[in-house]
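S.K.: starting from these lines, generate the structure:
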Amino acid sequence: MGTVYRGERLGVGRPVAIKFLSPAVAVQKAFFDQFGNEVRALSRVCHPNCVSLVDFGVEGTPYLVMELLGGVSLRDTLNGSGGRMQPPRVLHLARQLLAGLAHVHAQGIVHHDVKPENLLVSNEPGFDDHLRIVDFGLAQLHDGPAGASGFAIGTPSYMAPEQCSREQSTDERTDLYAVGVLLFEMLTGAKPFMSSEIGDVIRMHLEGAIPRLRELAPRAEFSESLEEVVARAMAKAPGDRHPSAAAFAAALDATPEGAVRRERPPVVERRAQPPGRARSAIQQRRAQPPAPWAMPPPLPADVTRARRPSG
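M.R.: The predicted structure follows:
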């Protein structure tokens, strides 16, 4: 649906990420409206565990400007850890994810696409395994226009039953189901429902029995209470799940695994960004001179003189 470039905010030299809606889909009202939902959702979000909006507009095609985040996706982090993580690290990441979702939900937003690819993990001084939620492209606002009906929208491996069928309305508990699937995957190294056919995956979300953590990782010795917390998150009926992100986090903290806090920081995971190539990518979008509002006014002459070193 779109392309994200690394760019620079001219005049202040701030590195940013710029997401352009694909011209082929921008002409379709449903996708254009959904892009507007993403802008409205991001404009409400201000939390350490979420990406922030900087600006938005139209330059041939709609775009939005976000802060440029460091780190790597949780998917790459999972792959780098051999497919599964130790419970203390999993719960450390889960607490941050649930804190971010609690804020998002408080703004009347359902993310609808919680998955490893939409979570960035970075390691800056003082921030051990800092997780942030990105990509609100499928977000739904309670006070916004209704989403598309008649077909499922999301990523099949992480979609709640009501999201798969579209016969029921979705709410905050839809995101919590995805967190349960994500916890299962981080703890065991495998998704709870897997098939080469998307239709089979959707049917398993709708009808399949929830597997136990110990079935896929028998040597891990998970506590019974952790099994129950994860299973409750993936309950078929929304009313049987944790009622809120805060309640989910509290349930995790009440498990034996939740009592163990991380003591050592992880290996710093960084991905080099070639600035020359990245800048040329965004320059491809500058077919026209930037609009006047994009350029800051020049400094007054007296300010310029005052900043020159004497002598």
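
S.K.: quick one: buried residues of the host helix or strand of residue 123?
M.R.: Using DSSP states H and E, residue 123 sits in strand 119-124. Within strand 119-124, the residues that count as buried by 16 or more other Cβ atoms under 10 Å are 119, 120, 121, 122, 123. Quick note: C-beta positions are derived from backbone N, CA and C, even for glycine.

S.K.: which non-adjacent residue is nearest the first one?
M.R.: Take residue 119 and drop its neighbours on the chain: the residue closest to it by Cβ to Cβ, 6 or more residues apart in numbering is residue 74, 4.1 Å away.

S.K.: what sits against the one you found?
M.R.: Contacts for residue 74 (Cβ atoms under 8 Å, 6 or more residues apart in numbering) come out as 93, 116, 117, 119, 120, 121, 131, 182.

S.K.: would you convert those into TSV that also reports distance to residue 83?
M.R.: Listed next are the contacts of residue 74 as TSV, based on distance: Cβ to Cβ, whole Å:
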residue	distance to residue 83
93	15
116	11
117	15
119	16
120	19
121	15
131	18
182	14
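
S.K.: out of those residues, who's nearest residue 239?
M.R.: Closest approach between those and residue 239, by Cβ to Cβ: residue 182, at 21.1 Å.

S.K.: the strands in the protein, which residues?
M.R.: In the chain, the strands defined using DSSP state E lie at 2-9, 14-21, 53-59, 61-67, 72-73, 109-110, 119-124, 127-133, 140-141.

S.K.: residue 162 is nearest to which of those strands?
M.R.: The nearest among these, by Cβ to Cβ, is strand 109-110 at 11.0 Å.

S.K.: neighbouring strands - and their directions - for that closest one?
M.R.: With DSSP bridges as the test, strand 109-110 is paired with strand 140-141 (antiparallel).

S.K.: contacting residues around the partner strand?
M.R.: Outside strand 140-141, the residues that touch it by Cβ under 8 Å, 6+ apart are 37, 40, 41, 108, 109, 110, 112, 147, 170.

S.K.: now swap in stretch 220-230 and tell me
M.R.: Under Cβ under 8 Å, 6+ apart, the answer for stretch 220-230 is 87, 180, 183-184, 187-188, 212-214, 242, 248, 251-252, 254-258.

S.K.: from those, list the buried ones, please.
M.R.: Counted by 16+ other Cβ under 10 Å, the contacts of stretch 220-230 give 87, 180, 183-184, 187-188, 212-213, 242, 248, 251-252, 255, 257-258 as buried.

S.K.: now, among those, which is nearest to residue 100?
M.R.: Nearest to residue 100 among the buried ones among the contacts of stretch 220-230, with distances taken as Cβ to Cβ, is residue 248, at 12.3 Å.

S.K.: list the contacts of that closest one.
M.R.: So residue 248 contacts 98, 176, 179, 229, 233, 242 (Cβ under 8 Å, 6+ apart).

S.K.: what's the nearest residue to the fifth one if we skip its chain neighbours?
M.R.: Right, the one you point to is residue 233. Spatial nearest neighbour of residue 233, excluding adjacent residues (Cβ to Cβ, 6+ apart): residue 180 at 2.7 Å.

S.K.: could you dump the contacts of residue 74 to TSV with pLDDT and distance to residue 29?
M.R.: Formatted as TSV, the contacts of residue 74 follow (pLDDT from 0 to 100; distance: Cβ to Cβ, whole Å):
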residue	pLDDT	distance to residue 29
93	97	38
116	97	31
117	96	27
119	97	30
120	96	31
121	96	36
131	97	34
182	98	32
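
S.K.: quick check: closest non-adjacent residue to residue 4.
M.R.: Nearest to residue 4 is residue 19, by Cβ to Cβ, 6+ apart, at 4.7 Å.
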